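1. predicted model follows, preceded by the sequence.
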Amino acid sequence: MVKVHTRIKRKLPKTGRNRPVRPKSFRTEESAKRYAEAHDIKDYVLTDSKPEAQTHKFRIVPKEKGF
């Protein structure tokens with residue numbers, strides 16, 4: 001069977017969920033530090049996104065540069 005509106009679908013703009021990209025999370029502090037070193041992230045703070053849970057997830061948050 002022939003597809004009907006494929007050319008029209010290609011011409012229309014892509015619609016979808018437009019949400020910001022979430023920060024990358026890590027299971028251990030060591031893996032977060034290795035990622036930061038590999039990607040040349042120098043000034044950062046590791047934050048725990050699940051502080052009250054038994055399993056922890058760490059995120060790399062860059063430090064704000066003050067005046």
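-> Arrived safely, thanks for sending. Numbers count the residues shown, from 1 in each chain.

2. any low-confidence regions in the protein?
-> For the chain, the stretches with pLDDT under 70 are 1-2, 65-67.

3. quick one: the helices in it?
-> Taking DSSP state H, the helices of the chain run over residues 6-11, 29-38.

4. tell me the buried residues in the last one?
-> By that I understand helix 29-38. Buried residues in helix 29-38, counted by 16 or more other CB atoms under 10 Å: 32-33, 36. All C-beta atoms are positioned from the backbone trio N, CA, C, and that covers glycine.

5. list the contacts of residue 28.
-> Taking CB atoms under 8 Å, 6 or more residues apart in numbering, we find residue 28 in contact with residue 58.

6. separation between it and residue 17?
-> From residue 28 over to residue 17 the distance is 30 Å, taken as CB to CB, to the nearest Å.

7. residue 63 now?
-> On the measure of CB to CB, residue 63 and residue 17 end up 30 Å apart.

8. comparing the two, which residue is more hemmed in?
-> Neighbour comparison, residue 63 and residue 17: the larger count goes to residue 63, with 9 against 4 (by other CB atoms under 10 Å).

9. give me the phi and psi for the closest residue to the more buried one other than its chain neighbours.
-> Excluding its sequence neighbours, the residue lying closest to residue 63 (CB to CB, 6 or more residues apart in numbering) is residue 43, at 4.3 Å. Phi and psi for residue 43, reported as degrees, to the nearest 10, are phi -100, psi 100.

10. what's around residue 43, how many residues?
-> Counted with other CB under 10 Å, the neighbours of residue 43 add up to 9.

11. hey, what's residue 44 bridged with?
-> residue 62 (DSSP bridges).

12. that one reaches residue 63, doesn't it?
-> Yes. Here residue 44 reaches residue 63: they are 6.4 Å apart, a contact under CB atoms under 8 Å.

13. state the distance from residue 35 to residue 17.
-> Distance, residue 35 to residue 17, using CB to CB: 26 Å.

14. same deal with residue 3?
-> Here the criterion is CB to CB. By it, residue 3 lies 25 Å from residue 17.

15. distance to residue 51 for the helices of the chain - can I get that in JSON lines?
-> As requested, those are arranged in JSON lines below (distance: least, CB to CB, whole Å):
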{"stretch": "helix 6-11", "distance to residue 51": "46"}
{"stretch": "helix 29-38", "distance to residue 51": "13"}
